[in-house]
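*Asks:* Show me the folded form of this:
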Amino acid sequence: MADPVTDAPAQPATACPACTILDAEDGSPDGRLFTPPTHHVRNENQVWQSVLRTQDRVADKVTDFAGSLRFVYIHSVWFGIWVLFNIGLFGVALKFDPFPFGLLTMIVSLEAIFLSTFVMVSQNRQSARADLRAKLDFETNLRAEIWAVHIGAAVGLDQHHVEQVVKMAIDASRADTDGPSSGDPG
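*Replies:* This next block holds a predicted model:
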């Protein structure tokens, strides 16, 4: 079987000491680490562009506009003109929605329904993008971990010592960010 990246004959997964370490990490030293990627880190923006659909882009544009001060200003002017017309300021003959402005209330309610739907569509898209970003981050972290193990094995580092130091650093970092626990004085 050939390596899909280099077309060179593929080596067994445990051909080097680092791969032997990685293979043992999953609790089953079976000679299989993972399915090797056919390319390096994917560009999140390129992947995301392939997911976009027209209606999603429209929902994002509507949500962006609805979340702007321009939207507020336009609606303030529109409501002001509506009320002025319907209280008879421009003439009684121009009244078309007398107080308590039932037509205006219905229009605003329908607008709220549609806007809330657009907001939910945009939130779903943002969530999907965050999920994609997390997956790509995981792939990058996995790639970095494998490189680090290989480099560590090549220079003769003790894997268990390095992991102990990492654990101590993580614990210290958590203690720093979490503050003293409820049982600790101070």
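*Asks:* Could you give the average pLDDT over the longest helix seen in the chain?
*Replies:* Using DSSP state H, we find that the single longest helix of the chain is helix 102-155. For helix 102-155, the mean pLDDT works out to 91.
*Asks:* Give me the residue at the spatial middle of this protein.
*Replies:* In the chain, the residue lying closest to the centroid (C-alpha atoms, centre = their mean) is A130, at 1.2 Å.
*Asks:* tell me the contacts of that residue?
*Replies:* Under the criterion of C-beta atoms under 8 Å, 6 or more residues apart in numbering, A130 has no neighbours. Backbone N, C-alpha and C define where each C-beta goes, glycine included.
*Asks:* separation between it and Q123?
*Replies:* In this structure, A130 and Q123 are 10 Å apart, going by C-beta to C-beta, to the nearest Å.
*Asks:* One more: P29?
*Replies:* 44 Å.
*Asks:* Domain ranges for this structure, per the record?
*Replies:* Taking automatic domain parsing as the domain assignment, the record places the domains of the chain at 1-39, 52-160.
*Asks:* Mind putting these into a markdown table with distance to V166?
*Replies:* Shown next, in a markdown table, are these (distance: least, C-beta to C-beta, whole Å):
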| stretch | distance to V166 |
| --- | --- |
| domain 1-39 | 14 |
| domain 52-160 | 10 |
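*Asks:* Now for the nearest residue to L103 once chain neighbours are set aside: which residues touch it?
*Replies:* Using C-beta to C-beta, 6 or more residues apart in numbering and skipping the chain neighbours, the partner closest in space to L103 is D97 (4.2 Å). Applying C-beta under 8 Å, 6+ apart to D97 gives the contacts W82, N86, L103, L104.
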